[in-house]
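Student: Structure here, sequence nowhere to be found:
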């Protein structure tokens, strides 16, 4: 028989709307109730109040979220959102894409995936079971696929990392330096000092590298992001680096921009030989 919940696509759209509304109202409990482990509880009424860390952990334990979703829903409720598209992939799977702009200006697209779960409902002298849409995962991507030329509020942190990696591959040291945070520049010195640092044994494998791969990323807090990167040097060495980025708070041209605070070699010497250990599934 048909497993699609009563109301079909519209009820799925309502769930996504409720999740975004709960985020906007800082109502993590309301988001938790959309997950698969809380089917025995009624849909929430709004507003409900703000539940912090333990509720956030409960939400992430049952709904797959990446750093975009963590940043754009759990840490920083969107300032603006717009539905781009939605589709019923099959009777039991629904996908909706939503463009979001965060308060600092970052722009991304979140993809919500819903599946059908069974909900126990009371009936006269018994209980029954009915199907209900539940949230399975939320993942994100940049709103624009163009490689950034410089720091800007709209660019997500992962896009900044990619821009620096492409610039390093092209040995465009000046462009790499433009994405360094003011604190990073203060610690390193001038662009000439930065270029000299890239010639040291720990970093020279980055210049002119032939390939890179983004491994696991972590949204540590609303203003801190870390990305693990694998690089293949000119000489064929496999190198691992950890990019740390911060959301700039000081007033000025960099305010609200994600910029690189540091890049730390994890296995620059001796070169690493096993990519699989650092894959998203294993690290």
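Tutor: Great, that's in hand. Here the structure is a predicted model, which means the values were calculated and not measured. Numbers count the residues shown, from 1 in each chain.
Student: wouldn't residue 254 be in contact with residue 150 here?
Tutor: No: counting by C-beta atoms under 8 Å, residue 254 stays clear of residue 150, with 10.2 Å between them. For the C-beta atoms, the positions are set from N, CA and C on the backbone; glycine is no exception.
Student: the more surrounded of these two?
Tutor: Neighbours were counted for residue 254 and for residue 150 using other C-beta atoms under 10 Å; residue 254 has more, 17 against 12.
Student: which phi and psi does the more buried one have?
Tutor: Phi and psi for residue 254, reported as degrees, to the nearest 10, are phi -90, psi 0.
Student: Let me see the contact set for it.
Tutor: Contacts of residue 254 were listed using C-beta atoms under 8 Å, 6 or more residues apart in numbering, and they are 151, 181, 182, 248.
Student: do you know how far it is from residue 179?
Tutor: Taking C-beta to C-beta, to the nearest Å as the measure, residue 254 falls 10 Å from residue 179.
Student: and if you look at residue 90?
Tutor: In terms of C-beta to C-beta, residue 90 sits 42 Å off from residue 179.
Student: Compare these two (neighbour count), which wins?
Tutor: More neighbours surround residue 179 than the other of residue 90 and residue 179, with 22 against 10 (other C-beta under 10 Å).
Student: I'd say that one and residue 248 touch.
Tutor: No: with contact defined as C-beta under 8 Å, residue 179 does not reach residue 248; the gap is 11.3 Å.
Student: Would you mind listing the buried residues in stretch 155-175?
Tutor: Burial within stretch 155-175, assessed by neighbour count using 16 or more other C-beta atoms under 10 Å, is assigned to 155-165, 167-169, 173, 175.
Student: Just checking: what are the partner strands of whatever helix or strand residue 109 lives in?
Tutor: If you go by DSSP states H and E, residue 109 is part of strand 107-123. Strand pairing for strand 107-123, using DSSP bridges, gives strand 93-101 (antiparallel), strand 126-142 (antiparallel).
Student: Return the set of buried residues in the shortest one.
Tutor: Think strand 93-101. Of all the residues in strand 93-101, those buried under the rule 16+ other C-beta under 10 Å are 93, 94, 95, 96, 97, 98, 100, 101.
Student: Determine which two of the buried residues of stretch 155-175 are furthest apart.
Tutor: 156 and 173 (23.3 Å; C-beta to C-beta).
Student: Relative to residue 67, how far out is the closest residue to residue 182 other than its chain neighbours?
Tutor: Leaving aside its sequence neighbours, residue 182 sits nearest to residue 254 (C-beta to C-beta, 6 or more residues apart in numbering; 6.2 Å). Separation of residue 254 from residue 67 (C-beta to C-beta): 21 Å.
Student: And residue 225, by the same measure?
Tutor: Noted for residue 225: a distance of 7 Å to residue 67, by C-beta to C-beta.
Student: Quickly find the element holding residue 242.
Tutor: Following DSSP H and E, one finds residue 242 within strand 238-247.
Student: Mean confidence (pLDDT) on that strand, please.
Tutor: Strand 238-247 shows a mean pLDDT of 95.
Student: Report how many residues lie close to the nearest residue to residue 8 once chain neighbours are set aside.
Tutor: Closest residue to residue 8 apart from its sequence neighbours, by C-beta to C-beta, 6+ apart: residue 88 at 7.4 Å. For residue 88, the neighbour count with other C-beta under 10 Å is 14.
Student: Quick one: residues contacting the residue with the largest distance to the centre of the chain.
Tutor: Distance from the centre of the chain peaks at residue 125, with 46.7 Å (C-alpha atoms, centre = their mean). Taking C-beta under 8 Å, 6+ apart, we find residue 125 in contact with no residue.
Student: so how far is residue 118 from it?
Tutor: For residue 125, the distance to residue 118 - C-beta to C-beta - is 20 Å.
Student: ok, now residue 79?
Tutor: Shown here: residue 79 relative to residue 118, a distance of 36 Å by C-beta to C-beta.
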